[in-house]
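Student: fold the stuff below for me.
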Amino acid sequence: MTQIHPSAIVAPEARLASDVTVGPYTIIGKDVSVGRGTTIGSHVVIDGVTEIGEGCRISTHVVLGAPPQILEDRSEKTRLVIGDESVVREFASVHRGSWKGKGITVLGRRNFIMAYAHVAHDCVLGDEVVVASQAGLAGHVEVEERAVVGGQAGIHQFVRIGRYALVAACAGVLQDVPPFLKTSGIPAKCFGLNAVGLRRHGFPKEAIVRLKEAYRLLFLSNLNTSQALERVVTDVGACPEVEHLVDFIKSSSRGIAR
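Tutor: As a prediction, this is how the structure comes out:
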């Protein structure tokens with residue numbers, strides 16, 4: 001049974017599934033839908049066309065679906081979609097898409113957005129992404145699955161962060177972060193393979209060895225990026241992880257953090 005605190009303000013048009021809990025002084029707009037079993041804390045504001053999946057946990061003072069922070073905004077009907085079992089902690093904010101961009105901001109399943117973090121308009125996050133406290137993602141950022149963005153890191157607009165990548169705390173990321181790698185500094189630069197994260201997620205030893213060799217060619221040799229990519233393809237040997245790393249770098253429009 002849905003439980004709404006008497007002090008909460010929920011628009012009659014809002015669609016709340018069964019077993020949703022809404023805390024004190026929370027405000028939910030008319031174009032909001034919330035999936036089964038989601039809990040929403042106190043003093044939360046959910047606005048705009050916002051879809052929240054099942055089993056999510058939204059902590060106190062969170063703002064979801066607010067208009068994008070852009071000039072001349074006309075984004076009344078743009079959207080925010082949050083996948084099942086995601087967690088958004090205290091004072092975090094996630095804005096809906098913009099009319100100039102994709103028109104939608106997307107968080108995948110089981111995302112973990114920590115306290116005071118911000119995800120801006122038109123961002124797309126894959127499944128099981130972690131955005132640590134006080135990190136900020138500018139507009140149009142794309143983050144692939146199971147990447148981690150450290151506390152107080154700043155991600156420039158239109159940057160991509162590859163799967164299983166690790167962005168260190170306080171990093172200033174101006175260019176794309178390739179998958180499976182670690183990056184740190186201002187401006188951020190890659191400094192090795194995220195080997196600990198890969199082992200924790202059960203990557204085979206052979207894949208980790210090949211990724212280390214690919215990293216050596218790309219970042220520690222005297223080859224330019226095009227030459228290094230050719231050597232990776234010919235010398236390292238094929239596996240899905242190396243292929244994805246190569247494809248990610250080849251498709252980069254901003255260049256990679258190196």
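
Student: please report how far residue 85 lies from residue 109.
Tutor: 6 Å (CB to CB, to the nearest Å). (Each C-beta comes from the backbone N, C-alpha and C, glycine too.)

Student: same question, residue 44
Tutor: 20 Å.

Student: that older thread, which neighbours do residue 85 and residue 109 share?
Tutor: Each of residue 53 lies in contact with both residue 85 and residue 109 under the rule CB atoms under 8 Å, 6 or more residues apart in numbering.

Student: all strands for the stretch 151-258 of the chain, in order.
Tutor: 154-155, 160-161, 166-167, 172-173, 181-184, 189-193 (DSSP state E, counting those that start in this stretch).

Student: between those strands, which gets nearest to residue 250?
Tutor: strand 160-161 (12.4 Å; CB to CB).

Student: the closest one - contacts with which helices or strands?
Tutor: Secondary-structure packing of strand 160-161 (3 or more CB pairs under 8 Å, 6 or more residues apart in numbering; DSSP states H and E): strand 142-143.

Student: distance from whichever helix or strand comes after the strand it packs on to the middle of the chain?
Tutor: Using DSSP states H and E, the next helix or strand after strand 142-143 towards the C-terminus is strand 148-149. Taking CA atoms, centre = their mean, to the nearest Å, the mean C-alpha location of strand 148-149 is offset from the chain mean by 8 Å.

Student: partners of strand 148-149 in the sheet?
Tutor: strand 130-131 (parallel), strand 166-167 (parallel) (DSSP bridges).

Student: domain-wise, how is this structure divided?
Tutor: Recorded structural domains for the chain (assignment: automatic domain parsing) are 3-140, 199-250.
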